[in-house]
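Peer 1: structure of the sequence below:
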Amino acid sequence: MIELNEIKRLKDLTGVGLTDAKKALEDSKGNFDKALETMRKKGLTKAEKRSEKETREGIVNTYNHDNRIGVVVEVNCETDFVARNEIFLNLVKDISMQIAATDPEYISIKDVPEDIKAKVFDEYSTKALSENKPKEMIQKIVENQVNKYFSEKCLLSQYFIKDEKITIDELLKEHISKLGENIVINKFYRIALGEVK
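Peer 2: So this is what the prediction gives:
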């Protein structure tokens, strides 16, 4: 017997209807984590379909951490209605806190200039060669190291500080599914007291 509070909890976390949440829990034989993973995947599929929609509304949010770190972020959505929705506003606050905590340099890997990617790839290649790694393994080792390096530098690739099972990209897609609108992080600025960049 699936409990109603579990169904509601799954519904709230994924933005699906009660019937879908109940079915997911039944299919997973009451295993909440398995049901959540299944529904997240479905939500991500819905979110990807919305990703082409224009985002002309949204908000600019400011966040100040202990008067030592300040963040300004612009997050866009499709309508003013969603821009004023509490779920959207909480998402923007979470994104602001993420930026303050992790200091990303780019929104996504697409924003990293090609010369920077090439420079980092060369650095890791030189390091791998100097460590006498097997030649046939070097390419794969370097690619993995470069991917890890940029996943920490790019906001969308970072793991969410409040739930390290999901990335910021997955968090966005969950909210796109929940709110039924495309959501885009447009730009951000982070300032830390005494820090020179």
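
Peer 1: Q139 versus K133, what's the distance?
Peer 2: Taking Cβ to Cβ, to the nearest Å as the measure, K133 falls 10 Å from Q139. In this view, the C-beta of every residue, glycine as well, is placed from N, C-alpha and C.

Peer 1: out of the two, which sits in the busier spot?
Peer 2: For K133 versus Q139, the count of surrounding residues by other Cβ atoms under 10 Å is larger for K133: 14 against 11.

Peer 1: tell me how many other residues surround the spatially closest residue to the more buried one that is not a sequence neighbour.
Peer 2: Spatially, and ignoring its direct neighbours in sequence, K133 is nearest to I141 (5.8 Å; Cβ to Cβ, 6 or more residues apart in numbering). If you count neighbours by other Cβ under 10 Å, I141 ends up with 16.

Peer 1: ok, I141 - contacts?
Peer 2: Going by Cβ atoms under 8 Å, 6 or more residues apart in numbering, I141 touches 124, 128, 133.

Peer 1: got the phi/psi numbers for it?
Peer 2: Per-residue torsions, I141: phi -60, psi -50 (degrees, to the nearest 10).

Peer 1: which residues in this protein form strands?
Peer 2: With DSSP state E as the criterion, the chain has strands at 57-65, 69-77, 159-160, 163-167, 184-192.

Peer 1: just to revisit the earlier point, retrieve the pLDDT associated with the residue nearest to K133.
Peer 2: Note on I141: pLDDT of 85.

Peer 1: a markdown table please, covering the contacts of I141 and showing distance to I168 and pLDDT.
Peer 2: What follows is the contacts of I141, written out as a markdown table (distance: Cβ to Cβ, whole Å; pLDDT from 0 to 100):
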| residue | distance to I168 | pLDDT |
| --- | --- | --- |
| Y124 | 24 | 87 |
| A128 | 29 | 80 |
| K133 | 32 | 74 |
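
Peer 1: which of those sits closest to G70?
Peer 2: Among those, Y124 lies closest to G70 (Cβ to Cβ), at 32.8 Å.

Peer 1: who's in contact with that closest one?
Peer 2: Counting by Cβ under 8 Å, 6+ apart, Y124 makes contact with 141-142, 145-146, 149.
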